[in-house]
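[1] need a structure here:
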Amino acid sequence: MLGRRHPQRSLFEAQAWPHRVPADSFYARLGGVIEQLFADDDLAAMYCPDNGRPSLPPSLLSGVLLLQFYDDASDAEAIARLTFDLRWKVALTLGLDFDPPDPSSLSVFRARLLAHGQERYAFDRLLAVGRAAGFLPEKVTLLIDTTPQLGAGAVQDTYTLIRKGIRRVLKAAGYQAPAKRRGLATNLAAYLESDRKAEIDWNDPAARAAQLKVLAADAHAALELALAESDDAEVRAAGWLLTKILGDDLVTDEHGEPQIGRGVAPDRVISLTDPDMRHGHKSAAKHFDGRKVQVATDAASELVLAVEPMPANRTDGADLLRIVDAVEAQTGVTVERAMGDTSYGTADNRAACAARGIELLSPLPEAADPAVAKSAFVLDLETPSATCPAGHTTTTVHTARDPHGRPVLRFTFPRTVCAACPLFARCVQSKTEGRTITSHYHEALLQAARAQQATAEFKDTYRRRAAVERKIADLVGHGLRRARYLGRVKGRLQNYWVGAAVNLKRLFRLFQGDTVQMRQVVAAMNAA
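    Numbering: from 1, shown residues only. You can find the predicted model right below:
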């Protein structure tokens, strides 16, 4: 049943006594607005209306959660600060004699938020304050970028993934029950009895190969047994995951024996404790295991509008339209311009944005050798013809198909003309033909973007994108870099509460520290 904060002030309330918490600190300012900011009735639907013991007030727990992510504290540390830290008592308007709850109450509260779709509660609440105060305009320029987030799951090798995958399939199919396990083959029952690696000499290649053969055979036996007996969704999910691991990691040699494949599959599962984790990289030298977080901010107010997780192995710009849709749906604003780095400026993204009336500002990537890159050629799609950097023009063209099956033009320069050019060695890769240039399905948009980014106006406007880098640094400073929880869903909750803490800091600056004015805005918003 819903519990509420008692409106009666305590004689021992921290704010009623002289204290050394600075008035311009985050904690003191939060204490000035928290009673208006979070209301128990906002989350009343998460509780039974007429049965059970009264819960801890959700308005109080919301404040604790916000401070927990602001200070990047664990559950146990959060409760310790709630007990001993005067700053937290001032921020939450608590008495000096407040009796704190058990740390498990925070995990229970987070579970309730997730179960009722309220993981964005504080984030959306603060954006609503920004809208009500006029800081967040109706039409926004979206600044967007990604940052790595290290996963909370253990990164596991192929042997461990297969072993744990077999165990998961058998448990999902109910073979952990004694009555059902009695009919299980001894080799498969061993996976339920122990989850330890085989006791072999792991430095011996022959021993490892033999163990891999055993694991592969047992995996296929477990899949055949479990999937033949059950149509349960959990069994199918566990079976799909094990099948994917086998397909991603194993190949068959010329003798029909399983071997670990060379290279890494593009979407390889790397952890069974958190199957959403992937290998990722932000650059050729910077690799990480976990997921990426797509951060979007409003250029005018510098409020964070989205902190969405995405797979670590996806390119940054792949989810641009999904983020735009999420921002518009969740905040009620209209995105009229988006700015991102080169990974966002694909021709397909430009076409999709243009179709929706969104201006996409993103520089095209620099070629390794600009003098002979495609951008150095002049393509006339009407004639059609192509002119190379040396001034030679070809009209030899035929229609091809891009990877999506769309028609494109492929221009070919005569080999004899190319061979006589001083740029030949740098320009032509073929051993038999001259240089070929293939247009993009949206080639006209790429040409327009190339011309635009050469202007002073583009360069001056694009400088504003640096604000999202500062905002990411702020989010990382409050714990965004490392996931606290397993799974994408719980990770999303963490992202948005960190985002809420950062947005509240920004709102305090936009209000110029005037918590009285902020209370008035929130009160008017609540009354509307």
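[2] now do the buried residues in the strand or helix carrying residue 213.
    With secondary structure defined by DSSP states H and E, residue 213 is part of helix 205-229. Buried residues in helix 205-229, counted by 16 or more other Cβ atoms under 10 Å: 208, 211, 212, 215, 216, 218, 219, 222, 223, 225, 226, 227. (Glycine included, C-beta is placed from N, CA and C.)
[3] how about the contacts made by residue 120?
    By Cβ atoms under 8 Å, 6 or more residues apart in numbering, the contact list for residue 120 reads 330, 496.
[4] related to what we said a few turns ago, in JSON lines: the buried residues of helix 205-229, plus distance to residue 88 and pLDDT.
    Formatted as JSON lines, the buried residues of helix 205-229 follow (distance: Cβ to Cβ, whole Å; pLDDT from 0 to 100):
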{"residue": "208", "distance to residue 88": "52", "pLDDT": "94"}
{"residue": "211", "distance to residue 88": "52", "pLDDT": "95"}
{"residue": "212", "distance to residue 88": "53", "pLDDT": "94"}
{"residue": "215", "distance to residue 88": "50", "pLDDT": "95"}
{"residue": "216", "distance to residue 88": "54", "pLDDT": "95"}
{"residue": "218", "distance to residue 88": "52", "pLDDT": "94"}
{"residue": "219", "distance to residue 88": "50", "pLDDT": "95"}
{"residue": "222", "distance to residue 88": "50", "pLDDT": "93"}
{"residue": "223", "distance to residue 88": "51", "pLDDT": "93"}
{"residue": "225", "distance to residue 88": "54", "pLDDT": "85"}
{"residue": "226", "distance to residue 88": "49", "pLDDT": "82"}
{"residue": "227", "distance to residue 88": "52", "pLDDT": "80"}
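[5] ok, these vs residue 96, which is closest?
    Lowest distance from residue 96 to those (Cβ to Cβ) belongs to residue 226, with 57.7 Å.
[6] check the closest residue to the closest one other than its chain neighbours and give its pLDDT.
    Leaving aside its chain neighbours, residue 226 sits nearest to residue 173 (3.8 Å; criterion: Cβ to Cβ, 6 or more residues apart in numbering). pLDDT recorded at residue 173 is 89.
[7] and residue 173, how far is that from residue 375?
    Between residue 173 and residue 375 the distance, using Cβ to Cβ, to the nearest Å, works out to 57 Å.
[8] more neighbours, these two?
    residue 173 (23 against 16; other Cβ atoms under 10 Å).
[9] I figured the more buried one hits residue 230, correct?
    Yes - assessed by Cβ atoms under 8 Å, residue 173 is found in contact with residue 230 at 5.4 Å.
[10] measure how far the helix or strand residue 448 falls within is from the centre of its chain, please.
    For residue 448, the element it lies in under DSSP H and E is helix 443-452. Its chain's C-alpha centre and that of helix 443-452 lie 30 Å apart, by Cα atoms, centre = their mean, to the nearest Å.
[11] low pLDDT regions in the protein?
    7-18 (pLDDT under 70).
[12] mind running it again at 80?
    Low-confidence regions of the chain, defined by pLDDT under 80, span residues 3-19, 97, 182-183, 228-231, 282-285, 528.
[13] residue closest to the middle of it?
    Closest to where the C-alpha atoms of the chain average out (Cα atoms, centre = their mean) is residue 309, at 1.6 Å.
[14] for the helix or strand harbouring that one, which helices and strands make contact with it?
    Using DSSP H and E, residue 309 maps to strand 304-311. The contact analysis (3 or more Cβ pairs under 8 Å, 6 or more residues apart in numbering; DSSP states H and E) places strand 304-311 against helix 121-132, strand 139-150, strand 287-298, helix 320-331, helix 466-477, helix 488-510.
[15] would TSV of the ones you listed with mean neighbour count be doable?
    Converted to TSV, the helices and strands packed on strand 304-311 look like this (neighbours: other Cβ atoms under 10 Å):
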stretch	mean neighbour count
helix 121-132	21
strand 139-150	22
strand 287-298	24
helix 320-331	18
helix 466-477	17
helix 488-510	22
